[in-house]
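In: structure, please.
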Amino acid sequence: MNIRALRPYILAVLMTIPGLALHLAPPDISPFIVTLLSGMAILGASFLLTWACEVAQMDMPQAVAVAVVAFIAVLPEYAVDMYFTWMAGQHPESPYSHYAIANMTGANRLLIGVGWSAIVLIFAGRFHSAVTLNDDKRTDVLFLAMATLYALFIPIKGSLTWVDGLVLLGIYVWYILIIMRRPVEEEELEGPAEVLAKLAKKIRLRTVGGIFIFSALVILGNAESFSEGLVASGKQLNINEFLLVQWVAPLASEAPEFIVAVMFASRGNAGLALGCLLSSKLNQWTLLVGMIPGVYAVSSGSLSPAINLDTHQFQEILLTAGQSLFAVALLLDLRLHVREAVWLLLLFSLQLLSPLYEVHLEGLLGLPHDPLRLHLFYAKVYLVLAVILLVKNWRQTWELRKGFKV
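Out: All right, here's what the predicted structure looks like:
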């Protein structure tokens, strides 16, 4: 194996070193530097995890691979969100619970609004006007729909409790039990993952195991520094730290997955790329959300009261659920067209940039300022569009039941 083939791994490892060295830095180091170095370490470890997860499925039983690899692949996102949730349990009146919801909703909306759209638009630029999923992905769409419909009740009832966590985790376990009974499909590995795949089996297993352990330690070791540094940076810059946690933090943990998916799409394998991001969305919308009340309960030492959330956080959940249901409605035929991808990206962009124009828009309409007005507006837009599509395509909606089949 030549050094050139190992360059991506060497670069990823080098990215993690400054973050690991932060533990030796003086306590008064700038939060900007802390955020940058710890975020870079998480990014490097995320790349390593992405490549290792691809290779691990060659040597693991299907049942283990589906459950374990799916969790490990999104460990960076989990680490940051679970840190905020744990701190929320330790300090119930602090804004940590708000940060946990911000990080979770931001990650979920980025996956669809940017990830899914980018796959289709890049693929369409070189190949076709639509991305088609395999028939077995109907199961993912079905269970994403189930999780989304349940999530809609969370803001309606005004609480996120351990019961909600159990339901969402149960949905994911049900999904796993179905797909792990399916035959193993051989996938051709490309890029850095291909380098590991060519190793002898024993060496490959040890190497992949070592990468998992190293990456996990880097991510867990930098989660606190990155999270706290991000919040502190926001306060120093007079930027809403909620927005930084919601959009900047997920970028560090989601970037490798996005990059790998974009790479597949640019090479013409957009179905695989979109399928991977669809599975990640289901994973985060069930496992990630489902673990929040459980971690909070363990941290606080009690199953009650529920995690401390206000109207803003419940509006964030409603908006995220609305986008998710709209995405499900677009995938009823297991195809995502360019015009549909444009709608996903446009609505996401309008909502993301709403803080820049909401005050001016309210002034033009003669309305008093309400920071949640556009959140609720876009949530309603997503939900109305979703209902229209689900009713209009009722036959395809009914066809989703086939996703329960092995």
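In: ok now stretch 108-123, how far from the chain's centre?
Out: Centroid separation for stretch 108-123 versus its chain: 12 Å, with C-alpha atoms, centre = their mean, to the nearest Å.
In: quick one: the strands in this protein?
Out: Remark: strands assigned in the chain by DSSP state E are 130-132, 335-337.
In: so which of the ones you listed is nearest residue 116?
Out: Evaluated over these, closeness to residue 116 peaks at strand 335-337, with 6.6 Å, by C-beta to C-beta. Quick note: C-beta positions are derived from backbone N, CA and C, even for glycine.
In: pick out the shakiest of the strands of the chain, pLDDT-wise.
Out: The minimum mean pLDDT among those belongs to strand 130-132 (a mean of 90).
In: buried residues in that strand?
Out: The neighbour-count check on strand 130-132 (16 or more other C-beta atoms under 10 Å) flags 130, 131 as buried.
In: which secondary structure elements does it contact?
Out: Strand 130-132 is packed against helix 117-126, helix 270-283, strand 335-337, with contacts defined by 3 or more C-beta pairs under 8 Å, 6 or more residues apart in numbering; DSSP states H and E.
In: most packed of those?
Out: Among these, helix 270-283 has the highest mean neighbour count (mean count of other C-beta atoms under 10 Å), at a mean of 23.
In: using CSV, write out every CA atom in stretch 279-298.
Out: Extracted in CSV, the C-alpha atoms of stretch 279-298 (Å, rounded to 0.1, in the frame of the first residue of the first chain):
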residue,chain,number,x,y,z
SER,A,279,-31.6,6.3,6.3
SER,A,280,-29.6,8.9,8.3
LYS,A,281,-32.7,11.1,8.5
LEU,A,282,-34.8,8.1,9.8
ASN,A,283,-31.9,7.3,12.3
GLN,A,284,-31.8,10.9,13.6
TRP,A,285,-35.6,11.4,13.7
THR,A,286,-36.0,8.2,15.8
LEU,A,287,-32.8,7.4,17.7
LEU,A,288,-31.5,10.9,18.3
VAL,A,289,-34.9,12.4,19.3
GLY,A,290,-35.8,9.3,21.2
MET,A,291,-32.6,9.3,23.3
ILE,A,292,-33.0,13.0,24.4
PRO,A,293,-35.7,12.4,27.1
GLY,A,294,-33.9,9.2,28.3
VAL,A,295,-30.5,10.9,28.7
TYR,A,296,-32.2,13.9,30.4
ALA,A,297,-34.0,11.5,32.8
VAL,A,298,-30.8,9.7,33.7
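In: want to throw the strands of the chain into CSV with distance to residue 53?
Out: As requested, the strands of the chain are arranged in CSV below (distance: least, C-beta to C-beta, whole Å):
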stretch, distance to residue 53
strand 130-132, 22
strand 335-337, 24
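In: before we move on, back to that, now for the helices and strands packed on strand 130-132, which one comes closest to residue 158?
Out: Closest approach to residue 158 among the helices and strands packed on strand 130-132 is made by helix 270-283 (24.8 Å; C-beta to C-beta).
In: count the neighbours of residue 233 for me.
Out: Residue 233: 20 surrounding residues under other C-beta atoms under 10 Å.
In: ok, now how distant is it from residue 356?
Out: Applying C-beta to C-beta, to the nearest Å, the value for residue 233 to residue 356 is 20 Å.
In: so for residue 38, which of the helices and strands packed on strand 130-132 sits nearest?
Out: helix 270-283 (22.6 Å).
In: list the helices and strands that closest one packs on?
Out: Using 3+ C-beta pairs under 8 Å, 6+ apart: helix 270-283 touches helix 70-73, helix 117-126, strand 130-132, helix 138-157, helix 162-179, helix 241-266.
In: now the angle from that helix to helix 117-126?
Out: In this structure, helix 270-283 runs at an angle of 170 degrees to helix 117-126, with axes from the mean of the first three to the mean of the last three C-alpha atoms, to 10 degrees as the basis.
In: pLDDT score for residue 104?
Out: pLDDT, residue 104: 91.
In: that one: how many residues sit nearby?
Out: 29.
In: so where is this protein shaky, pLDDT-wise?
Out: Low-confidence segments of the chain, defined by pLDDT under 70: 1-3, 60-73, 183-190, 406.
In: again, 50 this time
Out: Low-confidence regions of the chain, defined here as pLDDT under 50, do not occur.
In: any idea which helix is longest in it?
Out: Using DSSP state H to define each element, the chain has its longest helix at helix 201-236.
In: can you report phi and psi for the residue of the chain most remote from its centre?
Out: In the chain, the residue that sits farthest from the middle, by C-alpha atoms, centre = their mean, is residue 366; the gap is 37.5 Å. With angles defined as degrees, to the nearest 10, residue 366 sits at phi 70, psi 30.
In: all set now, cheers.
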